[in-house]
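K.L.:
Any chance you can model this:
(one chain, ligands or ions: 3)
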Amino acid sequence: PVVLGIESSCDETGAGLVRDGRLLGQALASSMAEHTRFGGVVPEIAARAHVHALNPVVRGALDEAGLRAADIGAVAVTCGPGLSGALQVGLAGAKSLAYALGVPLYGVHHLAGHVAADTLAHGPLPDPCVVLIVSGGHTSLLLVRDLARDRIVHLGDTLDDAAGECFDKVARVFGLPYPGGPAIDRTARAGDPCAVPFPRPLTTGPPAMRFAFSFSGLKTAAARWAERHRAAGRPLPVADGAAALQEAVADVLTRKAVAACTEHGVRTLVVVGGVAANSRVRALAQQRCAAAGLTLRVPPPRLCTDNGAMIAAVGDLLVRSGAAPAPLDVSVDPSAPLEYAALHPVGRG
Ligand code: ATP
Ligand code: MG
Ligand code: FE
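P.N.:
Ligands and ions are numbered 1, 2, ... in the order given. Model (predicted):
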């Protein structure tokens, strides 16, 4: 069947249509511009924007695919984690559509969506593979056997901030525009990655921490570096700071991800989530995977950040694996933990 996926966990309203692992059409709206002057996503504004954007993006995805609503055979929707009000708008819309069309509804964990995004670009995930999820709210290493059947081993997580959060917060300190990750990426192009010796947190230390991450110390180091310049009345070399920060983050992420593959005898590394759109993360991952004889898979940038196609991709995997649909009274789960869900799609029977 054609699976419609709906994403509304944060500031993006996304719809995508997938059949048998193939992306047929997608559309995306973002309320980003409405949050800029606040320096971060305002939950109420995001929820209201989803109300306005939902029908148009579903329509947009259908138009791109050349399909009609009656062609939809199943509806998949993000149930969590994310902003409660934002999630509720997408879920209400998905339930209405599933009910009106008489088709099954699947509740999807947002992070399973980020992982499945790569299947739309590169086909089914090999069993096993190591997945590095790097996004605005998560930094996790997983050993994935079968995403649709929850055959996943959780190798490690960040102990504090996520990588994307680190980029976003440091960008603010550097006076770069919101959202910070893309701004750091752009600004870093003109900078010297060796200009500032930022720390590489948790790269040395107890073996138990080998797949754990920590980015709050790095954030503080960057803030102190900026503060020292300001206190001395020197202009801040923002491009150097951005390049050095980006280098530190990319170094830590790729080093640990490659080590996880080596330790588990896995041949394929998959890097997903918004930070996987970062040019230095992509380049360094490619370089280190090649050196270690690993295959690297990273979705194209527009499938790295939040979108509806990735949710449709999970729905498609669930349908094809014979998973039970969610009941129509399924609720949102704003803090759905990775441990039970990422890979245990929310609201499944
Ligand atoms: P989560 O998926 O953990 O719930 P989220 O949905 O807010 O969080 P994503 O949409 O996956 O996160 O990614 C957004 C994050 O990716 C932001 O922190 C943003 O700054 C970062 N990001 C996007 N593009 C880039 C880039 N080119 N370089 C670095 N970071 C980037
Ligand atoms: Mg977003
Ligand atoms: Fe996300």
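K.L.:
ok, the residue nearest to the spatial centre of the chain to Arg37 distance?
P.N.:
Geometric centre of the chain, nearest residue: Gly273, 2.6 Å, by Cα atoms, centre = their mean. Distance from Gly273 to Arg37, counting by Cβ to Cβ, to the nearest Å: 26 Å. Bear in mind the C-beta positions are built from the backbone N, C-alpha and C, glycine included.
K.L.:
Equivalent analysis for Leu4, please.
P.N.:
From Leu4 to Arg37 the distance is 33 Å (Cβ to Cβ).
K.L.:
So between these two, which is more surrounded?
P.N.:
Leu4 (33 against 8; other Cβ atoms under 10 Å).
K.L.:
what's that one sitting at in phi/psi?
P.N.:
Phi and psi for Leu4, reported as degrees, to the nearest 10, are phi -90, psi 130.
K.L.:
Show me what it bridges to in the sheet.
P.N.:
Leu4 forms beta bridges with Leu17, Val75, as assigned by DSSP bridges.
K.L.:
these two touch, right, it and Ala76?
P.N.:
Yes: assessed by Cβ atoms under 8 Å, Leu4 is found in contact with Ala76 at 7.1 Å.
K.L.:
Identify the single longest helix in the chain, thanks.
P.N.:
Longest helix of the chain, by residue count under DSSP state H: helix 238-264.
K.L.:
What residues of that helix count as buried?
P.N.:
238-254, 256-261 (16 or more other Cβ atoms under 10 Å).
K.L.:
One more: stretch 264-283?
P.N.:
Quick answer for stretch 264-283 (16+ other Cβ under 10 Å): 266, 268-278, 280-282.
K.L.:
Pick out whichever of those sits closest to His229.
P.N.:
For those, the residue nearest His229 by Cβ to Cβ is Arg280; the value is 22.6 Å.
K.L.:
next structured bit after the helix or strand containing the closest one?
P.N.:
Arg280 belongs to helix 279-292 when assigned by DSSP states H and E. Sequence order places strand 295-297 as the next helix or strand after helix 279-292, per DSSP H and E.
K.L.:
so what does that following strand touch, helix or strand wise?
P.N.:
If you count contacts as 3 or more Cβ pairs under 8 Å, 6 or more residues apart in numbering; DSSP states H and E, strand 295-297 packs onto helix 110-122, strand 268-272, helix 279-292.
K.L.:
now the next helix or strand after the first one, how far from the centre of its chain.
P.N.:
Next along the chain after helix 110-122, taking DSSP H and E as the criterion, comes strand 129-134. Here strand 129-134 shows a centroid-to-chain-centroid distance of 11 Å under the convention Cα atoms, centre = their mean, to the nearest Å.
K.L.:
just for the chain, where's the confidence low?
P.N.:
By pLDDT under 70, the low-scoring segments of the chain are 339-349.
K.L.:
Which parts of the chain are strands?
P.N.:
2-7, 12-19, 22-30, 72-80, 105-109, 129-134, 139-146, 151-157, 268-272, 295-297 (DSSP state E).
K.L.:
Just send those back as TSV, with distance to Cys194 too.
P.N.:
Listed next are the strands of the chain as TSV, based on distance: least, Cβ to Cβ, whole Å:
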stretch	distance to Cys194
strand 2-7	38
strand 12-19	35
strand 22-30	35
strand 72-80	40
strand 105-109	39
strand 129-134	23
strand 139-146	24
strand 151-157	28
strand 268-272	24
strand 295-297	24
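K.L.:
Out of the ones you listed, which gets nearest to ligand 2?
P.N.:
Minimum separation from ligand 2 across those (Cβ to the ion) falls at strand 12-19, 4.8 Å.
K.L.:
list the helices and strands the closest one packs on?
P.N.:
strand 2-7, strand 22-30, helix 43-65, helix 309-320.
K.L.:
thought Leu132 was touching Val272?
P.N.:
Yes: contact status for Leu132 versus Val272: in contact at 7.3 Å, counting by Cβ under 8 Å.
K.L.:
which residues sit in contact with Leu17?
P.N.:
Leu17 sits next to 2-5, 23-26, 61-62, 65, 67, 72, 309, 312 when contact means Cβ atoms under 8 Å, 6 or more residues apart in numbering.
K.L.:
Pro201 too?
P.N.:
Here Pro201 is in contact with Phe213, Ser214, Phe215, Gly217, Leu218, Val252 (Cβ under 8 Å, 6+ apart).
K.L.:
if I pick the third one, what's in contact with it?
P.N.:
Residues counted as contacts of Phe215 (Cβ under 8 Å, 6+ apart) are Thr139, Thr158, Asp160, Asp161, Ala162, Ala163, Glu165, Cys166, Pro201, Val249.
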